[in-house]
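In: Only the shape, not the letters, is given here:
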């Protein structure tokens, strides 16, 4: 794919987009990003993703040198140049070219667009098998570049015939590396962790949808509660809702997609469709 | 400074050394490094640094595609090209250009050389003021690129009129972001943490030197023990030994460099001089 990438005020072919090795992301893993989809050529929940991108930058003390309107203009131009109707757009902001390899300087801003990897047609029916693992991300409310544990755990996940990891700490489950986690309790309450978790855009939309139909609760979810949940699912920008059918090798609920998960998934698909066509 | 940088089998001017934005360090902060000095044109403790670099790579599941002898050859050529008698050499190994932005591929290897920033002449007398902070690095025995907290805490450190942070967890102190931590107890035992800490090359040399003169102990050091220590100091590749004169705003011992710290510092300087001239 010959797409263009935006990098520090210019558009260049993706393969030519490079940062000098003095960049603080390369030197110290220091930076933030955000990621959203386009469908039918239109960004999905752009305002919410820009909100979070700006918040992450501020929390990581990275001076974003573009206004929100400028960011939108760059994204518009990227869409026009690349002509990709279904895509993933990633905004990355790093600590900049640091003479001492340690201090934040003028951040480097990179915006890439790639064709969207669609989930397999049977992804929903297949669901996910999660493996809990003791970990808490650093500054968990910030979408930082820190995925050290997530990537390091890949062989561990495969060895346990799981699809992804679910972080836990002190008996509470929090999030997957790239997704939020929900359970449906015995009395059909839809619950999701509130602490030590990145507040995903789809997470928040699903909570809004769930409030119309079910009791909902944002709060602590114990591993024990997750293990005896009637249903569980993850939410993510790329995957929307996927059922969690097993946790730590044991089935969740009846081990197949449940009615609440299915209903919320349908409602979310309708919301996204209405959003991009609205 | 127009130095050369080694990057993936070529030597290029430092400013031209760049990695594509698909690199896993830029995407996910995933990579390792090591850093050593040259003095009088000769690498200091090169074998030990290469040992650790190879160990870090293996622990982070990064397939280092150069043999130890090849790495030494590259470093030799870098020294010849750059003619910098006193320098810092950094080897960085990243997760590679990752098509999916998540999976480890053939790592990128970058070796930079820069003139050495020498500590101020009065650095030893000035000593350091440390501020303890609750944190444990991920995979603490690996020299990974993860310095998120270290960089994020810089304003916090300045606000507290401190020079650096000392990580602590569950009542135990472990390490500074770029240095190891030692205390000298009331009975002249030289102690340094063994768990949840990067085993610094200078740390290990200082332990060896200390064993000849004092009781030594590698083991848990509580914050309380650090606060009532007779002396405390840090060890690092760039700074060797520097006294810690204050911790969390209170003086350590008599608030000036103590005799054990001073004697070990002198012994270390002699060891380094003997090493490069030997």
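Out: Yep, it's here. Keep in mind that this is a model prediction, so the values were computed, not measured.
In: so what's the residue in chain A that chain B sits nearest to up against?
Out: Residue nearest to chain B within chain A: residue A:29 (2.9 Å; C-beta to the nearest C-beta). Just so you know, the C-beta spots here come from the backbone N, C-alpha and C atoms, and that holds for glycine as well. Listed by C-beta atoms under 8 Å, 6 or more residues apart in numbering or on different chains, the contact set of residue A:29 reads A:145-146, A:148, B:25, B:29-31, B:144-148.
In: neighbours of residue A:270, just the number please.
Out: Residue A:270 is flanked by 11 other residues according to other C-beta atoms under 10 Å in any protein chain shown.
In: Can you list the helices and strands that the helix or strand harbouring it packs against?
Out: For residue A:270, the host element (DSSP states H and E) is helix A:259-277. On a contact count with 3 or more C-beta pairs under 8 Å, 6 or more residues apart in numbering or on different chains; DSSP states H and E, helix A:259-277 meets helix A:201-211, strand A:231-236, strand A:240-247.
In: and that helix, average pLDDT?
Out: The average pLDDT within helix A:259-277 is 97.
In: buried ones in it?
Out: For helix A:259-277, burial by neighbour count (16 or more other C-beta atoms under 10 Å in any protein chain shown) applies to A:260-262, A:264-265, A:267-268, A:271-272.
In: Would you mind putting those residues into TSV with distance to residue B:228 alongside?
Out: TSV is the format used below for these (distance: C-beta to C-beta, whole Å):
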residue	distance to residue B:228
A:260	57
A:261	56
A:262	62
A:264	57
A:265	59
A:267	61
A:268	58
A:271	60
A:272	60
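In: between those residues, which is nearest residue A:87?
Out: When the buried residues of helix A:259-277 are ranked by distance to residue A:87 (C-beta to C-beta), residue A:272 comes first, at 14.6 Å.
In: Tell me the spatial nearest neighbour of the closest one, not counting adjacent residues.
Out: Among residues not flanking residue A:272 along the chain, residue A:44 sits closest, at 6.1 Å (C-beta to C-beta, 6 or more residues apart in numbering or on different chains).
In: Residues of the stretch 1-150 of chain A that sit close to chain B?
Out: A:5, A:7, A:15, A:17-21, A:23-31, A:60-61, A:90, A:92, A:94-95, A:100-104, A:110, A:112, A:117, A:138-139, A:144-150 (C-beta under 8 Å from any C-beta of the partner chain).
In: how about 6 Å then?
Out: A:17-18, A:20-21, A:25-26, A:28-30, A:110, A:138, A:145-149 (C-beta under 6 Å from any C-beta of the partner chain).
In: Nearest to the spatial middle of chain A, which residue is it?
Out: A centroid search over chain A (C-alpha atoms, centre = their mean) returns residue A:178, at 4.6 Å, as the residue closest to the centre.
In: Which residue, neighbours along the chain excluded, lies closest to it?
Out: That would be residue A:236: by C-beta to C-beta, 6+ apart, it lies 6.0 Å from residue A:178.
In: per-residue confidence for the one you found?
Out: 97.
In: can you tell me how far residue A:243 sits from residue A:131?
Out: Using C-beta to C-beta, to the nearest Å, residue A:243 is found at 16 Å from residue A:131.
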